[in-house]
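1. Dropping a prediction and its sequence here:
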Amino acid sequence: MSQLISILIVDDEKHSREGLRKALESQYDVYIAEDAPSAYQLLDSQRFDVLITDLRMPGDDGMKIIQRALLLPNPPICLMMTAYGSVETAVEAMKKGAYDYLTKPIDLDRLDILIKRALRSRNVEVENEKLKRRLGERAGFENIIGESLAMKQVFETMEQVAPTRATVLIEGESGTGKELVAQAIHSLSPRKNGPFIAVHCAALAPSLLESELFGHEKGAFTGAAERRMGRFEAADGGTILLDEIGEIDASVQVKILRVLGERSFERVGGSKTIQVDVRVIAATNKNLGQMVEQQKFREDLYYRLKVVEIRIPPLRERREDIPLMVREFLREFSLENQKQVEDIAGDAQAVLMAYDWPGNVRELRSAIEHAVIWAKDERVTLRNLPPALRESAGRPGIQALPTGMNLEQTEKTMMIRALETCGGNVSRAAAHLGISRRTLHRKIKKYGLKEVRGKG
């Protein structure tokens with residue numbers, strides 16, 4: 001049953017406040033106060049949806065009561081009652097934050113209409129705020145930065161799968177952000193208020209991993225001095241991420257398969273069956289399909305895990321996201337280090353766009369942090385970049401780029417030069433830039449480069 005709308009009526013005239021209570025109590029949860037101190041006590045002790053207050057009263061008047069109410073963390077909708085129904089009074093009440101006003105004697109039909117209209121208006125505002133938060137989540141997906149077509153497809157899959165119970169397999173190279181994707185799926189799911197537990201499977205020996213996941217009983221093995229809860233129990237009602245799942249051995253694979261099928265397990269050394277409600281997300285930088293063919297990973301577990309697959313592209317396949325990431329990381333590390341580094345020199349920009357990023361987003365983030373720390377002023381220069389990037393600056397065509405361009409201008413210039421170098425051949429130019437042919441076609445259209453032809 002839905003909770004009744006709560007209304008506080010403040011009026012020093014007993015006949016007036018009791019009459020309003022009788023008129024409204026069949027639809028609402030109604031409270032009354034005879035003066036400002038009584039109203040303040042009620043407002044401080046519980047939350048009200050609507051406040052209806054008389055203007056003229058001994059002590060603090062209705063204006064002051066409204067001002068006090070509007071300072072609350074969840075302020076009520078405020079309606080003013082007055083026997084002095086002048087335009088000036090109404091305007092003043094609205095300026096103080098009242099939603100509307102009524103003149104005495106109160107027209108009960110008008111009052112009912114005003115309350116319902118005000119509640120609808122507030123509901124629209126609440127929904128708009130929820131939508132804004134939702135759009136913010138969709139745009140950033142918990143710190144996952146990207147506007148490329150490849151990442152938009154990742155976001156769409158995440159948004160589609162998040163509300164479900166489906167097991168998800170996240171594939172991608174090291175440093176692409178697999179754990180961030182798992183966290184985002186959890187935070188967008190109905191389980192968001194439950195725990196999110198991440199287990200890095202490669203960090204533990206098989207015997208320790210089994211205990212870590214499923215717990216153990218006292219005396220189960222040497223050193224097991226007391227009973228311990230495993231990660232699956234800790235994640236009950238929430239989500240568990242099994243990172244680097246390709247590293248687990250066959251015995252642990254069997255137990256995970258059972259949890260996925262029966263949602264139950266026993267602790268190491270125990271006989272009691274434990275039931276859990278856990279959503280499993282697995283992540284790997286290995287080719288599990290190939291491991292199945294090589295009989296290094298159970299086929300049945302593989303298909304249990306890959307109900308939904310999400311492949312996170314490496315950074316070299318979505319270079320168009322680099323400018324966005326660089327801007328974000330510059331802001332982050334400038335704030336963290338109390339500096340104002342806001343720009344990057346053209347030659348440094350060119351290196352960032354051309355580098356292959358074997359460490360992916362993690363490496364880019366580290367590179368920008370390094371650059372911000374070493375920057376002498378508001379601009380990052382080539383000499384501020386880490387050694388591996390500075391060494392890559394010898395790549396043909398990079399150093400010749402103008403220094404006054406922003407990242408987007410650098411990207412456009414590099415694409416023009418690649419197309420010129422490759423005689424206008426889009427496939428060769430894409431390979432030269434380290435991006436897909438489809439991405440280059442999209443960029444050609446964005447920058448209006450259809451007429452670019454090879455030199456000579």
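-> It's in. Numbering: from 1, shown residues only.

2. Neighbours of the nearest residue to residue 355 once chain neighbours are set aside, how many?
-> Spatially, and ignoring its direct neighbours in sequence, residue 355 is nearest to residue 392 (5.3 Å; Cβ to Cβ, 6 or more residues apart in numbering). The C-beta positions use only the backbone N, C-alpha and C, and glycine is treated the same way. Close neighbours of residue 392, defined as other Cβ atoms under 10 Å, add up to 15.

3. Tell me the spacing between residue 392 and residue 443.
-> Residue 392 is 22 Å from residue 443, where distance means Cβ to Cβ, to the nearest Å.

4. all helices of the stretch 201-350 of the chain, in order?
-> Under the criterion DSSP state H, counting those that start in this stretch, the stretch 201-350 of the chain contains helices at 206-214, 231-234, 250-262, 288-293, 299-305, 322-336, 346-354.

5. Figure out which of those helices is closest to residue 187.
-> Smallest distance to residue 187 across the helices of the stretch 201-350 of the chain (Cβ to Cβ): 17.8 Å, for helix 231-234.

6. how about that closest one: buried residues?
-> Buried positions in helix 231-234, judged by neighbour count with 16 or more other Cβ atoms under 10 Å: 231-233.

7. out of those, which one sits closest to residue 368?
-> Distance to residue 368 across the buried residues of helix 231-234 (Cβ to Cβ) is lowest for residue 231, with 33.2 Å.

8. Do I have it right that that closest one meets residue 239?
-> No. If you go by Cβ atoms under 8 Å, residue 231 and residue 239 don't touch, sitting 11.2 Å apart.

9. list residues touching both of these two?
-> Counting by Cβ atoms under 8 Å, 6 or more residues apart in numbering, the shared contacts of residue 231 and residue 239 are residue 197.

10. got any ranges where the chain has weak pLDDT?
-> Along the chain, segments meeting pLDDT under 70 span 1-3, 84-87, 90, 124-143, 394-410, 432-434, 450-456.

11. now, among the buried residues of helix 231-234, which is nearest to residue 422?
-> residue 231 (51.1 Å).

12. roughly how far apart are that closest one and residue 162?
-> Taking Cβ to Cβ, one finds residue 231 at 21 Å from residue 162.

13. For the spatially closest residue to residue 110 that is not a sequence neighbour, which three-state class applies?
-> Using Cβ to Cβ, 6+ apart and skipping the chain neighbours, the partner closest in space to residue 110 is residue 102 (6.5 Å). Three-state assignment for residue 102 (DSSP: H, G, I helix; E, B strand; the rest coil): strand.

14. Tell me, how many residues neighbour residue 102?
-> For residue 102, the count of nearby residues is 18 (other Cβ under 10 Å).

15. swap in residue 204?
-> By other Cβ under 10 Å, neighbour count at residue 204 equals 17.

16. Tell me which residues touch it, please.
-> When contacts are counted by Cβ under 8 Å, 6+ apart, residue 204 is found next to residue 212.

17. Please report phi then psi for it.
-> phi -120, psi 150 (degrees, to the nearest 10).

18. ok, now how distant is it from residue 279?
-> 22 Å.

19. and what of residue 387?
-> Per Cβ to Cβ, residue 387 is found 43 Å from residue 279.
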